[in-house]
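*Asks:* fold the following for me, if possible:
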Amino acid sequence: MPDSILGERARVSQRAIEAARLMGAPTLNTFRRRFTSGYSSFEDMTGGDQATADTLRQLYPGGIEDVELVVGCQVEKCMSGGWALPSTIGQVRARHSRDTAEMRPRHSRDAAETQPRH
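*Replies:* This is a model prediction of the structure:
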C-alpha cells in the first residue's frame, strides 16, 4: 500500500475515534457483551498477534476494557468461518440474521394451514 494512502487512512481513523468519543460510543467489550462474551486479553482480541497486542497495551494502559469500539473492530481477529469480518461485526450480523429469521412467518404448507384466515 502506498504511504500516501496509509497516511490518509490514519487520519480517517483518528476522526472516527474522536467522533465515537464525542457521541459516547461504548467500548469494544461493552458492545460485545450485548451479543457474546468480552475479550479477556489483548492477545485474545488479536488472535495471538503479539505485535498488535503490545501496541494496544501501550495505547490502552488501563487494559482491555478501555479499547474503543472503532479501534477494536479494526484490529481484532476475524470471525471463524470466513468472510474476513471482524469477530464482533460477525457476531452482530449472525445475531441479526437469527432474530430476523425468527420474526418471519414460516413459508410452508403447515404454517399456512395454522395462519388465521381473514
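*Asks:* poorly predicted segments of this protein, please.
*Replies:* Where the chain drops to pLDDT under 70, the residues are 1-12, 81-83, 85, 93-118.
*Asks:* in it, mark out all the helices, start to finish.
*Replies:* 3-23, 28-32, 42-46, 50-59, 69-75, 87-103, 109-114 (DSSP state H).
*Asks:* so how far is residue 61 from residue 37?
*Replies:* 23 Å (C-beta to C-beta, to the nearest Å). Every residue, glycine included, has its C-beta placed from N, CA and C.
*Asks:* swap in residue 53?
*Replies:* Taking C-beta to C-beta, one finds residue 53 at 13 Å from residue 61.
*Asks:* who has more neighbours, these two?
*Replies:* Higher neighbour count among residue 53 and residue 61: residue 53, with 18 against 7, using other C-beta atoms under 10 Å.
*Asks:* need the CA coordinates for stretch 32-44. PDB is fine.
*Replies:* Extracted in PDB, the C-alpha atoms of stretch 32-44 (Å, rounded to 0.1, in the frame of the first residue of the first chain):
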ATOM      1  CA  ARG A  32     -19.600  -7.300  22.600                       C
ATOM      2  CA  ARG A  33     -21.300  -8.300  25.800                       C
ATOM      3  CA  ARG A  34     -24.600  -7.500  24.200                       C
ATOM      4  CA  PHE A  35     -24.100 -10.400  21.700                       C
ATOM      5  CA  THR A  36     -21.300 -12.600  23.100                       C
ATOM      6  CA  SER A  37     -18.600 -12.600  25.700                       C
ATOM      7  CA  GLY A  38     -16.000  -9.900  26.000                       C
ATOM      8  CA  TYR A  39     -12.300 -10.400  25.300                       C
ATOM      9  CA  SER A  40     -10.100 -11.400  28.300                       C
ATOM     10  CA  SER A  41      -6.800 -10.000  27.000                       C
ATOM     11  CA  PHE A  42      -5.200  -8.100  24.100                       C
ATOM     12  CA  GLU A  43      -3.900 -11.400  22.800                       C
ATOM     13  CA  ASP A  44      -7.400 -12.900  22.800                       C
END
